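> Below are the sequence and a predicted model; questions follow.
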Amino acid sequence: MKPVKNRISLRGLRTFCIVAQRGSFRLAAEELFLTPSAISHQIKGLESELDVKLFDRSARELQLTEAGKTLLQESGPLINQLDKVASRFQTRYRQRQLRVTVQPFFATELLVPRLSSFISENPDIAINIDTEDQSAEKHPAGADVSIRLFRRAPRNLDVEELFRLRLVPACSPALVDRFPDIDCASLDGLPLLVHSKRPNAWRDWAHSLGVETADLSGAIRLETMISVARAAEQGLGVALVPLPLSESWFRSGGLVRLSDHELETPDCYFMVGRTEDGQRAEVRAFRRWIAQEFVTD
C-alpha cells in the first residue's frame, strides 16, 4: 500500500461528497458546471491519492464502497462547514450590489455631483444608477432604493420625504438682453417653454401671482425637464425650472432667475424602498447618506 500523502485535493474531496450525495456523476457535473468526464477524473485522482476505491462501478447504480461511506461520513460535515465559512467570508468582504433608480434631472443636477463622497465612504458597495424617467408614481420592482416625485407618500413602503418641488421662471442671459424689461407678472410677448408632463405649470404660476394666465398657444413643448432647461439655456424661451435642482445653472450663469417668487407644487421628492430591503447594510448606508445630503435642501 502506498503511504498516504499529508495533503489531498480539497477540490477532489468536495467533488467526492457531491457525487456521493447525488449518487450520480452526471448530477454532480450539472451542479458543479463540469463535464461527467471531468468529475470522473477528479474522483480517480482522489482514489489514487488515498489508494482506496471509493465507488463500486460494477453495479448498475453508482454505490459507495465501505471506504467511501467512511470518508463521506467523516469529511461531509467538514466540507459543509468550509462552504459556510466561504459564504460568510464572501458576504462580509465582497463588493455589495446596490440598485438605485432616480429621475434624470435629479440624477444629473444633485445626485451625481455629490456621489463621490458616498463612494469614498463605502468602497465595498457597487452602485448601479438607473435614470429611466417613469411618469407613473411607483417604486420600480428592480430597485433597492428609488428617488422620485410623488404627489403623496406611497403606501406599504419605507418612505422618507426629501423636499418639495418648487418652480421659478428662468431664461438665458441672452434672452434677458433681448427683453430687458421682462416682467414675470406679465408674460405676454415672451417666448415660453413648457414641460409636457407639467402642462398647467404656467397657469398655476400665474394664479399664484394673481395675474391672468399666460398665452401658451405659441409655446415650445418639450418632453423632459433636462430638455426644458437646455432649451432655456440656449435662449429659446422662458422656462419654469425646479428648485433646488437648478441652482447649479444659476451659479454657472447658464440661466438667470427672473423672480424671487416660487411656485410650490404639491409634488415632493421621496426616497422609497421596500421594508425588507431596508435591512441590508448597503441600503441603510445609502439611505442614511441621502438623508444627510438632501433632506435639508
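Arrived safely.
> can you give me the strands in this structure?
Assigned by DSSP state E, the strands in the chain fall at 55-56, 63-64, 96-102, 125-130, 145-150, 158-171, 193-195, 220-222, 239-243, 256-257, 263-273.
> could you dump those strands to TSV with mean neighbour count?
Backbone N, C-alpha and C define where each C-beta goes, glycine included. As requested, these are exported to TSV (neighbours: other CB atoms under 10 Å):
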stretch	mean neighbour count
strand 55-56	17
strand 63-64	16
strand 96-102	19
strand 125-130	15
strand 145-150	21
strand 158-171	19
strand 193-195	22
strand 220-222	17
strand 239-243	26
strand 256-257	17
strand 263-273	19
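> wait, which of these is closest to residue 206?
strand 263-273 (9.5 Å; CB to CB).
> Could you pull out the buried residues of the least confident helix or strand in the chain by mean pLDDT?
Least confident helix or strand, the chain: helix 66-93 with a mean of 80, by mean pLDDT, DSSP states H and E. Judged by neighbour count (16 or more other CB atoms under 10 Å), helix 66-93 contains these buried residues: 68, 71-72, 75-76, 79.
> Specify which member of those residues is nearest to residue 294.
Lowest distance from residue 294 to the buried residues of helix 66-93 (CB to CB) belongs to residue 79, with 48.2 Å.
> give the contact list for that closest one.
Neighbour list for residue 79: 13-14, 17 [criterion: CB atoms under 8 Å, 6 or more residues apart in numbering].
> Of those, keep whichever come out buried.
13-14, 17.
> Nearest to residue 218 among the residues you listed?
The nearest member of the buried ones among the contacts of residue 79 to residue 218, counting by CB to CB, is residue 14 at 73.9 Å.
> what's the nearest residue to the closest one if we skip its chain neighbours?
Ranked by CB to CB, 6 or more residues apart in numbering and with sequence neighbours excluded, the top spatial neighbour of residue 14 is residue 79, at 5.2 Å.
> How much space separates the one you found from residue 69?
15 Å (CB to CB, to the nearest Å).
> how deep is residue 188 tucked in, by neighbour count?
Applying other CB atoms under 10 Å, we find 8 residues neighbouring residue 188.
> ok, now which ones touch it?
Per CB under 8 Å, 6+ apart, neighbours of residue 188: 214-215.
> quick one: it and residue 246, what's the gap?
Distance from residue 188 to residue 246, by CB to CB: 24 Å.
> Using JSON lines, lay out the buried residues of helix 66-93 together with distance to residue 238.
Converted to JSON lines, those look like this (distance: CB to CB, whole Å):
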{"residue": "68", "distance to residue 238": "83"}
{"residue": "71", "distance to residue 238": "81"}
{"residue": "72", "distance to residue 238": "79"}
{"residue": "75", "distance to residue 238": "77"}
{"residue": "76", "distance to residue 238": "75"}
{"residue": "79", "distance to residue 238": "71"}
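> Can you name the two of those residues that sit furthest apart?
Greatest spatial distance among the buried residues of helix 66-93 (CB to CB): 68 and 79, at 14.3 Å.
> how close does residue 42 get to residue 17?
Residue 42 is 12 Å from residue 17, by CB to CB.
> scratch that, residue 23
12 Å.
> Which pLDDT value does the model give residue 45?
Looking at residue 45, its pLDDT stands at 89.
> I should have written residue 19 there, sorry.
For residue 19, the predicted pLDDT is 89.
> which stretches of this structure have low pLDDT?
With pLDDT under 70 as the threshold, the chain has low-confidence stretches at 1-7, 59, 87, 89-95, 133-136, 183, 185, 296-297.
> Mind splitting it into its structural domains?
Domain assignment for the chain, taken from automatic domain parsing, gives 10-93, 96-163+267-294, 165-265.
> Work out the gap between the shortest one and the centre of the chain.
From the chain centre to the centre of domain 10-93 is a distance of 39 Å (CA atoms, centre = their mean, to the nearest Å).
> next one: stretch 243-253
Using CA atoms, centre = their mean, the offset of stretch 243-253 from its chain centre is 25 Å.
> Touching it from outside, list them.
Stretch 243-253 has contacts (CB under 8 Å, 6+ apart) with 105-106, 109-110, 113, 163, 165-168, 170, 173, 225, 229, 233, 241, 255-257, 262, 297.
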